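Asks: what follows is a protein structure lacking sequence information:
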């Protein structure tokens, strides 16, 4: 089991609904995609770098509503900036992005 955190530490994470508006291959990495994600009027559009290429084609991600951690420090992965992190679940060799059960507007807060 992982180390536990308290509610105040968890509350520091800002998670929002993002709509994937574009997916393209990362020019310098075989397993990464570059994703343009709409995070609503407050946060705008951001680029995420995601290691989903071995698990799904880009068209499976296009238009999907995903859960994004929006207040992570930006990271540069193989020369491309990532301004957030999508959440995904793994079961064996399968990796699936976390989505929502009902349509929500991009930028909706996860509570």
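Replies: Yep, that arrived. On a predicted model such as this, the values are computed, not experimentally measured, just so you know. Numbers count the residues shown, from 1 in each chain.

Asks: quick check: residue 90 vs residue 24, distance?
Replies: Residue 90 sits 23 Å away from residue 24, going by C-beta to C-beta, to the nearest Å. Where you see a C-beta, it was placed from the backbone N, CA and C, and this is true even at glycine.

Asks: again, but for residue 10
Replies: 33 Å.

Asks: what segments of the chain are strands?
Replies: 15-25, 33-38, 45-50, 65-69, 75-77, 80-82, 85-86, 88-91, 94-97 (DSSP state E).

Asks: residue 111: which of those strands is closest?
Replies: strand 15-25 (8.6 Å; C-beta to C-beta).

Asks: against residue 7, how distant is the residue sitting nearest the centre point of the chain?
Replies: Most central in the chain under C-alpha atoms, centre = their mean is residue 86, positioned 1.8 Å from the mean C-alpha point. Between residue 86 and residue 7 the computed distance is 23 Å (C-beta to C-beta).

Asks: off-centre distance for the worst-scoring helix or strand of the chain on mean pLDDT?
Replies: The weakest-scoring helix or strand in the chain, judged by mean pLDDT, DSSP states H and E, is helix 7-11 (a mean of 93). Offset of helix 7-11 from its chain centre (C-alpha atoms, centre = their mean, to the nearest Å): 20 Å.

Asks: also stretch 31-46?
Replies: Worked out by C-alpha atoms, centre = their mean, stretch 31-46 lies 8 Å from the chain centre.

Asks: what does stretch 10-30 give?
Replies: 3 Å.

Asks: pull out the buried positions in that stretch.
Replies: Neighbour counts using 16 or more other C-beta atoms under 10 Å place 15, 16, 17, 18, 19, 20, 23, 26, 29 of stretch 10-30 among the buried residues.
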